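1. fold the stuff below for me.
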Amino acid sequence: MKTVLITGANKSIGFETARQLLKQGYYVYLGSRDLKKGEQAVAQLHSEGLTNVESLIIDVNRPESILTARKALGEKIKVLDVLVNNAGISGGFPQTAADAPVSTFREVFETNLFGVIETTQAFLDLLKQSPEPRIVNVTSGLGSLTLHNDPDWKYYHVKGAAYTASKAALNAYSIVLAYELRDTAFKVNVVDPGYTATDFNHHSGTGTVEDAAGRIVKAATLGAEGPTSQFFSDDNAPETGISPW
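-> Residues are numbered from 1 along each chain as shown. Modelled structure (predicted):
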């Protein structure tokens, strides 16, 4: 049975991703920074008959929490097949480049970039033991520099200086990681779940968590012939599913 760790998985898209992967036969470690919320999420899945899941406390903003989570998981398994870096924050909108406090940039980058890097590095050894390791970094269409410079893009006026910069940086990190692992069985990709109605955007999004999670699951379950170093986005590129960086 393949194993997967999903960060920020106690609610919304992360929770639905856990549900869908469970239905595909994966054993899920449901990452949550809050013990109670993580256990409540696991209990909900158990009530649905999805029992191959357990909570793992991991706060990607705290290096010591990441290392503790790595140690705890290492005592349970020797192989991790999939890592889904889903935890993320917006930092609140509006965020102007001219006026947003530097503290906002630091806060957003701490979760959306540095947390991903530290989590990935901490669990990379377990992933290397898998015959088909997959890393999925959950990004945003707002992380595309190409589209942000296109006045005809439907989200052209939605900038969010800190959030946009953090996701663009995450994309860049993912490209470098994929390059470094290019001669291995790893598939490293970023996925834009789309403008989804969640607490993240006060439920202003137009997409469903089911569709959003489905996009993540698709990247998490890529076969040996699947692509690596891609920016998947059905929202930005409905015809090809591949967004420009």
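2. in this protein, which spans are strands?
-> Along the chain, the stretches classed as strands by DSSP state E are 3-6, 27-32, 53-57, 82-85, 134-138, 187-191, 231-232.
3. low-confidence ranges in the protein?
-> Where the chain drops to pLDDT under 70, the residues are 197-206.
4. for it, just list every one of the helices.
-> For the chain, the helices defined by DSSP state H occupy 12-23, 35-47, 63-74, 102-109, 115-127, 145-148, 161-180, 209-220.
5. now mean neighbour count and distance to Ala87 too, for those, in a markdown table please.
-> C-betas here are computed from N, CA, C, even on glycine. Shown next, in a markdown table, are the helices of the chain (neighbours: other C-beta atoms under 10 Å; distance: least, C-beta to C-beta, whole Å):
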| stretch | mean neighbour count | distance to Ala87 |
| --- | --- | --- |
| helix 12-23 | 23 | 7 |
| helix 35-47 | 15 | 12 |
| helix 63-74 | 16 | 11 |
| helix 102-109 | 16 | 12 |
| helix 115-127 | 20 | 6 |
| helix 145-148 | 16 | 23 |
| helix 161-180 | 20 | 12 |
| helix 209-220 | 21 | 13 |
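6. nearest to Pro244, of those helices?
-> Among those, helix 145-148 comes nearest to Pro244, with 3.9 Å by C-beta to C-beta.
7. what's in contact with that closest one?
-> Helix 145-148 has contacts (C-beta atoms under 8 Å, 6 or more residues apart in numbering) with Gly141, Leu142, Trp153, Tyr155, Tyr156, Lys159, Thr164, Ala168, Asn236, Ser243, Pro244, Trp245.
8. quick one: contacts for the last one?
-> For Trp245, the contact set (C-beta under 8 Å, 6+ apart) comprises Ser144, Leu145, Thr146, Asn171, Ile175, Phe231.
9. same deal with Asn171?
-> By C-beta under 8 Å, 6+ apart, Asn171 lies in contact with Asn137, Thr139, Gly143, Ser144, Val190, Phe231, Trp245.
10. same question for Leu177.
-> With contact set as C-beta under 8 Å, 6+ apart, Leu177 has these partners: Thr120, Ile135, Val188.
11. export those to TSV and tack on distance to Asp59?
-> Shown next, in TSV, are those (distance: C-beta to C-beta, whole Å):
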residue	distance to Asp59
Thr120	15
Ile135	20
Val188	23
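12. my guess is Val4 contacts Val79, does it?
-> No. Counting by C-beta atoms under 8 Å, Val4 does not reach Val79; the two are 11.3 Å apart.
13. which pair in the contacts of Asn171 spans the largest distance?
-> Longest span within those, C-beta to C-beta: Asn137 and Ser144, 14.0 Å.
14. who has more neighbours, the two?
-> A side-by-side neighbour count of Asn137 and Ser144, using other C-beta atoms under 10 Å, places Asn137 first with 30 against 25.
15. so Val4 and Val79 - more neighbours on which side?
-> Val4 (27 against 13).
16. give me the beta-bridge partners of the more buried one?
-> For Val4, the beta-bridge partners under DSSP bridges are Val28, Val82.
17. so what's it up against?
-> Applying C-beta under 8 Å, 6+ apart, the residues near Val4 are Leu21, Tyr26, Tyr27, Val28, Tyr29, Leu80, Asp81, Val82, Leu83, Val84, Ala220.
18. make it 7 Å
-> Val4 makes contacts with Leu21, Tyr26, Val28, Tyr29, Asp81, Val82, Val84, Ala220, as judged by C-beta atoms under 7 Å, 6 or more residues apart in numbering.
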